[in-house]
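Chemist: Sharing a model prediction with you, sequence too.
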Amino acid sequence: MNILKNIFILSLIFFALNVNGQEPPEKEDCLCCTPEHRQFDFWVGDWETITDGEIAGTNKIIFLQDSCVLQENWSSAKGSYTGTSYNFYNKNLRKWQQVWVDNQGGNLNLTGKKVDNQMILESEMMTGPKGEKIINRITWTDNSDGTVRQNWEVSNDNGKTWMSIFDGLYKRKNNIEN
């Protein structure tokens, strides 16, 4: 019985020492607490995405790496298309970056910044699905009603004109009306 009591006491001491050593960092110690690092926080959440009045899929955006990275987890409502992106503020470039990968071998690298209530990210010139040269631009709009609009556009004339290829409205799952 004394052995169990001693183990219990040692466990309490160990727990107390660990708890005291794991306090959250002070604001000045937080590397990703700048206003720039928090610009895309409006996208964090558990969403249903609506296009043309129908559910296009679900998307869960979470914080990773001490809130320095936003991870997107997309799942299409039709079929088995899934994808993940990693979004972060690159303080050296003073821009946001997104790296997207999906289960069909696709990838997309975007860079940009927040303008007013919109996060606007673009790709470099790249080869499109039909061999043409295109630029991708994705704009996330933080709407006043708590929804987020994502509009994905492409340009095949070096950004002179744009064509929308995906226009979705994100609604938080806990706010979906039945």
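Modeler: That came through, no problem. Residues are numbered from 1 along each chain as shown.
Chemist: partners of the helix or strand containing Gln71, with directions?
Modeler: Assessed by DSSP states H and E, Gln71 sits inside strand 69-76. Paired with strand 69-76 in the same sheet, following DSSP bridges, are strand 54-64 (antiparallel), strand 82-90 (antiparallel).
Chemist: list the buried ones in the last one?
Modeler: For strand 82-90, the buried set under the neighbour-count rule, 16 or more other Cβ atoms under 10 Å, comprises Gly83, Ser85, Asn87, Phe88, Tyr89. (C-beta placed from N, C-alpha, C; glycine too.)
Chemist: Save the residues you listed as JSON lines, and put in distance to Lys95 and pLDDT too.
Modeler: Below are those laid out as JSON lines (distance: Cβ to Cβ, whole Å; pLDDT from 0 to 100):
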{"residue": "Gly83", "distance to Lys95": "22", "pLDDT": "98"}
{"residue": "Ser85", "distance to Lys95": "15", "pLDDT": "98"}
{"residue": "Asn87", "distance to Lys95": "11", "pLDDT": "98"}
{"residue": "Phe88", "distance to Lys95": "10", "pLDDT": "98"}
{"residue": "Tyr89", "distance to Lys95": "8", "pLDDT": "98"}
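Chemist: With distance to Gly168 as extra columns, can I get those in JSON lines?
Modeler: JSON lines is the format used below for the buried residues of strand 82-90 (distance: Cβ to Cβ, whole Å):
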{"residue": "Gly83", "distance to Gly168": "13"}
{"residue": "Ser85", "distance to Gly168": "14"}
{"residue": "Asn87", "distance to Gly168": "17"}
{"residue": "Phe88", "distance to Gly168": "22"}
{"residue": "Tyr89", "distance to Gly168": "23"}
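Chemist: re earlier: between the strands paired with strand 69-76, which gets nearest to Gln97?
Modeler: With Cβ to Cβ as the criterion, Gln97 lies closest to strand 82-90 of the strands paired with strand 69-76, at 5.2 Å.
Chemist: okay, that closest one in CSV with CA atoms only?
Modeler: Below are the C-alpha coordinates for strand 82-90, written out as CSV (Å, rounded to 0.1, in the frame of the first residue of the first chain):
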residue,chain,number,x,y,z
THR,A,82,-10.5,15.7,-51.3
GLY,A,83,-7.8,18.2,-50.8
THR,A,84,-5.7,20.0,-48.2
SER,A,85,-4.0,23.3,-48.1
TYR,A,86,-1.6,25.0,-45.8
ASN,A,87,-1.9,28.7,-45.4
PHE,A,88,0.6,31.0,-43.7
TYR,A,89,1.8,34.5,-43.5
ASN,A,90,5.4,34.7,-44.8
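Chemist: Cool, thanks, talk later.
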